[in-house]
Structure formats: C-alpha cells, structure tokens
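Novice: Sequence and computational prediction follow.
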Amino acid sequence: MSSAASATPAVAFIPDTTSTRQYIGAWSVLSVLQYFAAEAAVIGAWAGPRPYDLRTGYISDLGAINCGIYDGRDVCSPLHWLMNASFVVQGLGMLLGALLLSSGLLCVAARAGVRVQPGQRKPWLAAVWVRVLAGTAGAGTVIVGLVPEDVGSFWHFAGAVMYFLAGAVALLVLGTLWLRKSGMAWFILVCGGVSLAALATGALTGMDVPEPGTLERLMGYPVTVGMAAAGLVIARRVHRHRKQVRAAAAVR
C-alpha cells in the first residue's frame, strides 16, 4: 500500500493525508466491492442444468470458459468473461492501493497530524508487510481472472491460495496495527480471522465438506469486505482532511 521503505525513518514525520495519491489508493482498495455486483450478474446468467447454488458451487465455476463437466460438476457460465474481468479489476485495485498508500499513512490509520516516531520500528514494518501482503493477494486474484479453472493450469489454484492466504494475513496485521486508531480495527481483525480459519478448514478437509461453496466464500468474502472497510476508513479520513485544508485556504 507508497514508499518502499523497509526500515524505520530517520526522523519523526507527519504522513501527508491530503495527497491525491493517498486518495486514489484508498478508492482503489474500496473498489474491490464491484466483485459482488459482478458475481450476482454472472449467477443470474448461469446456464447449467441446475441453478447455481452459492452453498455448493465454487466461485471459480463462474469463470469457467467452457460448458460441461469439470471436476464432477456441471458447469456453464455464459458471462464467464465478466467474472474473470471482475477478478482482474479486483486484483488491480488491491495492487494499486498497495503501491499508492504509504507505510506512514497506514501506521497512523490516515489520522491527520499524527507523527510517525523514529523509534516505532514495529508499526512501520507491520505497515510495510500489509502493503506486501495486499499486493500479493491482488496479484493472486489477477492470476485467477487471467487463468480460469478449466484451462488446465496450476496457476489458477496458486492464485486463489495467494489471494486467500495473503489477504487474510494482511487483514490480521492491519487490524492489529489499527487497534486504538480506528473503530474498524476489530471488524478487520474478524474478517482476517474468519478467512484464515476457513482456509485452514479447507486445507484440512480437502474441501470435502457438505457445502464447499459456503466454505470457499468464507475464505474469500471476508478478504474482499475487510479490504474495502480499510479503504473506506482511509478514504473518509483523507477526504475530511483535504476538505479542511481547502476550507482553511479559502478563509485566507
């Protein structure tokens, strides 16, 4: 999430919470919510012999490019291109946020006027890791969109694991970093915890559960919602500070 610094800054400084890049970065992360609209549209166009069931249907089935039997499931998604495009857009939003949102901004949860002290090595490194992990998760879902499940490539599975695992851990680190800095911290922590627990369950059971679609969505939905919540916190605080700065300038 801009500076690629990997160590504590030499002097205390106040992160710039009015810069356009931070605002764009926050809205980029918030844009992941488009996924839910795309998924609903693709499910509505499902053409399989039986209606698509959120409880038993895998998310990736919606992006399968061919109609037929895949891994024992009867798959037919005419709007597969929309689902795959949504995966790519979602991933790019997270990648852009990871690049544009600075580590300093994440350290202070975008609170205006709060200094990052030179001795705060752990928070700084945690913020860097949030950016790295969010970028990894974003890259993973881009791969998922570019390599649908039925093209016979290992990369689809790898991309999905990247998204679920890196996304969940990013939320846990960010939620911990934001404790006492944002009321949204606990919600973000819960999202990360639910996703990681579901991922562990899926790994231990090999997804051989009565409702694999539900389990997979417990892996993925919390990451999407948690990232959007973080983007909302930053976007609102950056917007408020930018508005205050413009008002002060107008008075002068």
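Specialist: Arrived safely, thanks for sending.
Novice: what's the neighbour count on residue 41?
Specialist: Counted with other C-beta atoms under 10 Å, residues neighbouring residue 41 total 14. Every C-beta, even on glycine, is put in place using the N, C-alpha and C of the backbone.
Novice: try the one 5 residues further on
Specialist: Using other C-beta under 10 Å, residue 46 has 18 other residues around it.
Novice: Do me a favour and get the backbone dihedrals for it.
Specialist: phi -50, psi 130 (degrees, to the nearest 10).
Novice: Who are the contact partners of the nearest residue to it once chain neighbours are set aside?
Specialist: Excluding the flanking residues, the one nearest residue 46 by C-beta to C-beta, 6 or more residues apart in numbering is residue 52, at 4.1 Å. Going by C-beta atoms under 8 Å, 6 or more residues apart in numbering, residue 52 touches 43, 46, 61-62.
Novice: helix/strand/coil for residue 52?
Specialist: Assigned with DSSP: H, G, I helix; E, B strand; the rest coil, residue 52 falls in the coil class.
Novice: Next: residue 144.
Specialist: Assignment for residue 144 (three-state DSSP): helix.
Novice: Secondary structure element for the residue lying closest to it once chain neighbours are set aside, which one?
Specialist: Take residue 144 and drop its neighbours on the chain: the residue closest to it by C-beta to C-beta, 6+ apart is residue 159, 4.3 Å away. Residue 159 belongs to helix 154-161 when elements are defined using DSSP states H and E.
Novice: Mind giving me the packing neighbours of that helix?
Specialist: Secondary-structure packing of helix 154-161 (3 or more C-beta pairs under 8 Å, 6 or more residues apart in numbering; DSSP states H and E): helix 121-146.
Novice: quick one: the helix it packs on to helix 154-161, angle?
Specialist: Between helix 121-146 and helix 154-161, the angle comes out at 140 degrees (axes from the mean of the first three to the mean of the last three C-alpha atoms, to 10 degrees).
Novice: Buried residues, helix 121-146. List them.
Specialist: If you call a residue buried by 16 or more other C-beta atoms under 10 Å, then helix 121-146 has these buried ones: 123-146.
Novice: Stretch 65-81 too?
Specialist: For stretch 65-81, a neighbour-count test (16+ other C-beta under 10 Å) marks 67, 70, 75-77, 79-80 as buried.
Novice: Would you point out the most distant pair within these?
Specialist: 70 and 79 (16.6 Å; C-beta to C-beta).
Novice: just to revisit the earlier point, output the contacts of residue 52 as JSON lines; include the columns secondary structure and pLDDT.
Specialist: Formatted as JSON lines, those follow (DSSP: H, G, I helix; E, B strand; the rest coil; pLDDT from 0 to 100):
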{"residue": "43", "secondary structure": "helix", "pLDDT": "98"}
{"residue": "46", "secondary structure": "coil", "pLDDT": "98"}
{"residue": "61", "secondary structure": "helix", "pLDDT": "97"}
{"residue": "62", "secondary structure": "helix", "pLDDT": "98"}
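Novice: Just the buried residues of the residues you listed.
Specialist: 43, 46, 61-62.
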